[in-house]
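Visitor: Sharing a model prediction with you, sequence too.
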Amino acid sequence: MAVISKDSRKQLKELAQVAYERELAHHLNELAEKFEKWKNKEITSSELNELIHNFYNGTSKRLYSIYHYLDSDGIVARALAFGFLSDDEVPKELKSQIRSMINFYKEHDMD
């Protein structure tokens, strides 16, 4: 892979933060739906508590690992592959530099 300039690195970090916020919001919205079910008495307090526990020990920790350990270029490639960033949000030159990573995530559908 080509060397990524300082300006491009800055853009990648900013895009990685956007991706994190969007992916986290996506999963939190799913959890919020469970709160609505609880409010509507469709699930019990115990069931909601277990869902919260599972979110914290599963989704939350997995996202932390992904966004803490991957470099910004990998995060942006993953976010493009999974739809947390749109194609038009990432400059063409950045996409061309991370194209192989984007393809990897598209092919392997790693969550």
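Guide: Yep, it's here.
Visitor: Just the element for the residue nearest the centre of the chain, please.
Guide: Ranked by distance to the mean C-alpha position of the chain (C-alpha atoms, centre = their mean), the top residue is residue 23 at 3.8 Å. Element membership for residue 23 (DSSP states H and E) is helix 6-39.
Visitor: Can you list the low-confidence ranges for the chain?
Guide: For the chain, the stretches with pLDDT under 70 are 1-2, 110-111.
Visitor: at 90 what do you get?
Guide: 1-6, 8, 108-111 (pLDDT under 90).
Visitor: and the gap between the residue located most distally from the centre of the chain and residue 49?
Guide: What lies farthest from the middle of the chain is residue 41; by C-alpha atoms, centre = their mean that is 30.7 Å. Distance, residue 41 to residue 49, using C-beta to C-beta, to the nearest Å: 15 Å. Backbone N, C-alpha and C define where each C-beta goes, glycine included.
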